[in-house]
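J.: The following block contains a protein sequence and its predicted model.
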Amino acid sequence: MIRVLTIEREYGSGGGEIASAVAQRLGWKLWDQALTNEIARVMECDCRIVEEREEKRDPLFHRLLMAFMRGSHEGSLNAPRLKIADAECIREVAEHVVKDAAERGQCVIVGRGSSYYLQKRSDTFHVFICAPFNEKVQRLRAGGKHEREAIQLADTVDRDRAAFIRQYFGVEWFDRHRFHLVLNSTIGEEAAVETILNSIALFEKQKIPSSPSAQRSVAS
């Protein structure tokens, strides 16, 4: 039985809104902004810091600095005392929060590597939501972004997410066979929600073992 839904999404595709609508229909907890809030709570830092760094890689100079600190005697002594809210620390906390949420079940988790952390769970259904580039730009503009900013965000945010997945999981971000359903959000939010819910229902139905007599019939 499906107890967890992960939704990976291209920036500007409306994946967050679709996830929220699906969670509401199912009566499940939505882990989107709530996930960011929980990471910030655990790390004792401002949510804005987490929002700026989650689903990203640390800059090269920062990675080199941290590698040096871990490799030096003084650095290894002082590093645990520092509450560093960098991308790597945020990723580690996010992994813990995502897996804990999945254990509790009945939740919709948006991004943050959740589709990849939970890839081996049989009770989890994975969805990837995408949209044409111009549609994403239009959606971002409708949300208040200027055209130049919308174009830049639609390009760079997804590039950062792809680099994040590649670094920490060693796979391509949009690796199709890792998702049960790939959905183009231009079909509309209502249709997208219904498609996801119907797909989960059909997926669960096909996983129900058939009766022994039916299995013998198929075998013969």
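T.: On my side now, so go ahead.
J.: I figured Arg141 hits Glu147, correct?
T.: Yes - the pair Arg141 / Glu147 is scored as a contact, 6.0 Å apart, by Cβ atoms under 8 Å. Heads up, the C-betas are built off the backbone N, CA and C, glycines and all.
J.: neighbour count winner among those two?
T.: Applying other Cβ atoms under 10 Å to Arg141 and Glu147 shows that Arg141 carries more neighbours, namely 15 against 11.
J.: wait, what's in contact with that one?
T.: Arg141 makes contact with Glu147, Ala150, according to Cβ atoms under 8 Å, 6 or more residues apart in numbering.
J.: how close does it sit to Gly170?
T.: Counting by Cβ to Cβ, to the nearest Å, the gap from Arg141 to Gly170 is 35 Å.
J.: same deal with Asp155?
T.: Note on Asp155: its distance to Gly170, by Cβ to Cβ, is 24 Å.
J.: quick one: contacts of the top helix by length along the chain?
T.: Longest helix in the chain, counting residues (DSSP state H): helix 147-169. The contact list for helix 147-169, computed with Cβ under 8 Å, 6+ apart, reads 10-12, 55-57, 87, 91, 111, 113, 116, 133, 136-137, 140-141, 145, 171-174.
J.: Give the pairing partners of the following helix or strand past that helix; include direction for each.
T.: Next in sequence after helix 147-169, counting helices and strands by DSSP states H and E, comes strand 181-184. Using DSSP bridges, the strands paired with strand 181-184 are strand 124-130 (parallel).
J.: just the angle between the strand it pairs with and helix 147-169, please?
T.: 150 degrees (axes from the mean of the first three to the mean of the last three Cα atoms, to 10 degrees).
J.: What's the mean pLDDT across strand 124-130?
T.: Confidence for strand 124-130, expressed as mean pLDDT, is 98.
J.: to the chain's geometric centre, what's the distance from it?
T.: How far strand 124-130 lies from its chain's middle: 9 Å, per Cα atoms, centre = their mean, to the nearest Å.
J.: Need the contact partners of that strand.
T.: By Cβ under 8 Å, 6+ apart, the residues outside strand 124-130 that reach it are 2-10, 13-15, 18, 102, 115, 118-119, 174, 176, 178-185, 192, 196, 199-200, 203.
J.: Can you say which of the residues you listed are buried?
T.: Among the contacts of strand 124-130, those buried by neighbour count (16 or more other Cβ atoms under 10 Å) are 2-10, 13-15, 18, 102, 115, 118, 174, 178-181, 183, 185, 192, 196, 200.
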